[in-house]
Structure formats: C-alpha cells, structure tokens
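Asker: give me a model of this one.
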Amino acid sequence: QVQLVESGGGLVQAGGSLRLSCAASGSIFSINAMSWYRQAPGKRRELVAAIASGRSTNYADSVKGRFTISRDNAKNMVYLQMNSLKPEDTAVYYCNADITVRVLTTKLEGDYWGQGTQVTVSS
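Answerer: Below is the predicted model of the structure:
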C-alpha cells in the first residue's frame, strides 16, 4: 500500500557532499514524522535525523552541523543534505516514515521503511 524509495547514495571523497531523497507513494492520508537511519557493517541501525510534520528536527550528535534534514509535504518527500562527509559516515541509509493510510472507509497508522541506499565515503 505504501512504498518508500530512496535515491542519491554513492561514492564520495571525504569532505564531499551528497543529497539523499526519499519519495513516499501509495494510499497516503498523511505523513507524520520522517527520519533517516543508517547501518554500517557490523553495527546496529542508528537514527541520523528526524523531522516532524511541523518541521521540528533532531539530529544524532555525530552529524550535527554537517547534515540537514528537510521535507516537502506536497510531494511526500524527505531529504538529507550531507556535507563534510567523513569515512565513518559510510553506511546504508534508510528512509523511515510514520504514515497514515486509507483502507476502505478507515485509516491505519503504520511505520514504513525504504530499501536503503549505500553511501560510501573514501579517505
């Protein structure tokens, strides 16, 4: 019913920038919080940044001042601008969203994940 599709990952040198995008589609009634997570090999998935429907944001300490999360509610999209990238930012980045969907005559709220996009930062 709902799909999240990430794009924008790739290989970049340390100090470089990337912009990740995530598009939500399907029988969406509303999108609440949207977030980016990442998982490096052998590590647990961790929250990178989150943005509420009212656009308040929070960031992991490790990315504060370097990453910026934003959203376009009209397009059901969330972005992650990543600057001053470091090798330790290398991970698979996942989009996550809390979405209310229409199901027949009712609405259901659920937690949805994208398939992930690889970000590799070389030293």
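Asker: distance of the residue nearest to Leu108 when sequence neighbours are not counted from Gln3?
Answerer: Spatial nearest neighbour of Leu108, excluding adjacent residues (CB to CB, 6 or more residues apart in numbering): Val101 at 5.6 Å. For glycine as for every other residue, the C-beta is placed from the backbone atoms N, C-alpha and C. Between Val101 and Gln3 the distance is 11 Å, computed by CB to CB, to the nearest Å.
Asker: what touches both of the two?
Answerer: Listed as contacting both Val101 and Gln3 by CB atoms under 8 Å, 6 or more residues apart in numbering are Gly26.
Asker: higher neighbour count, the two?
Answerer: Val101 (18 against 11; other CB atoms under 10 Å).
Asker: in the sheet, who's paired with the more buried one?
Answerer: Ile28, Leu108 (DSSP bridges).
Asker: ok, and for the worst-scoring helix or strand of the chain on mean pLDDT, which residues are buried?
Answerer: In the chain, no helix or strand scores lower on mean pLDDT, DSSP states H and E than strand 106-113, which sits at a mean of 93. Within strand 106-113, the residues scored as buried using 16 or more other CB atoms under 10 Å are Tyr112.
Asker: thank you kindly, that will do.
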